[in-house]
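Novice: could you look at this predicted model? Sequence included:
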Amino acid sequence: MKLSLDLGTRYRSVAALVCLFAGFSLIVASGCSSPEASESAAPTATTAGADGTSEVASTTVEPIAATGLPRLVDLGAKQCIPCKMMAPILEDLMENYADRFQTIFIDVWEHPEQAEKYGIETIPTQIFFDAEGNEQFRHEGFMSKEDILGNWAKLGVGVEME
């Protein structure tokens, strides 16, 4: 009798863990959608220059790359879990691919007008623009470095995994 009670308790615990993991997986897969707005004086976005250095620029940037390069705009939030997972990927792209495409992060919880401007429903959202500023592809949720580079390759941007 005690054995069956222990197994029943154990299976309920496992089921609870599976449910927790499934819930977390849905959050990661679908992204965040409830903003927690914070105050900021002026909208900013992080971009990478042609020399690989990061710089802060206005998020009122139009989708036409000043550098003549294609552009990846990632719209997310610093406090969103999937967005936090994307942060090191975006930093890597800014450092290692700045000569092939521009990478920009916009925090839409700090700057909700940017979410409206780009028609964002879920974060993170990645928007790929060609060198002329035309939207080529849009993805909602977490996106791996491999998937981002694979998408650039499909769009004709010469990228290789480093």
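Specialist: Structure received.
Novice: domains in the protein, by residue range?
Specialist: 1-30, 45-154 (automatic domain parsing).
Novice: so, low pLDDT: which residues of the chain?
Specialist: Under the criterion pLDDT under 70, the flagged ranges of the chain are 1-67, 161-162.
Novice: swap in 80 and give it another go.
Specialist: Scanning the chain for pLDDT under 80 picks out 1-67, 159-162.
Novice: can you pull out the strands in it?
Specialist: Secondary structure of the chain, counting by DSSP state E: strands at 45-48, 54-57, 71-76, 102-107, 125-129, 135-140.
Novice: and the ones you listed: which comes nearest Glu116?
Specialist: Among these, strand 71-76 comes nearest to Glu116, with 10.8 Å by C-beta to C-beta. (C-beta placed from N, C-alpha, C; glycine too.)
Novice: packing partners for that closest one?
Specialist: Judged by 3 or more C-beta pairs under 8 Å, 6 or more residues apart in numbering; DSSP states H and E, strand 71-76 is in contact with helix 81-96, strand 102-107, helix 112-118, strand 125-129.
Novice: just want the angle from it to strand 135-140.
Specialist: On the basis of axes from the mean of the first three to the mean of the last three C-alpha atoms, to 10 degrees, strand 71-76 is oriented at 20 degrees to strand 135-140.
Novice: picking that back up, can you redo the strands of the chain as CSV with distance to Leu149 and mean neighbour count?
Specialist: Converted to CSV, the strands of the chain look like this (distance: least, C-beta to C-beta, whole Å; neighbours: other C-beta atoms under 10 Å):
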stretch, distance to Leu149, mean neighbour count
strand 45-48, 15, 22
strand 54-57, 19, 13
strand 71-76, 10, 25
strand 102-107, 12, 25
strand 125-129, 11, 22
strand 135-140, 13, 15
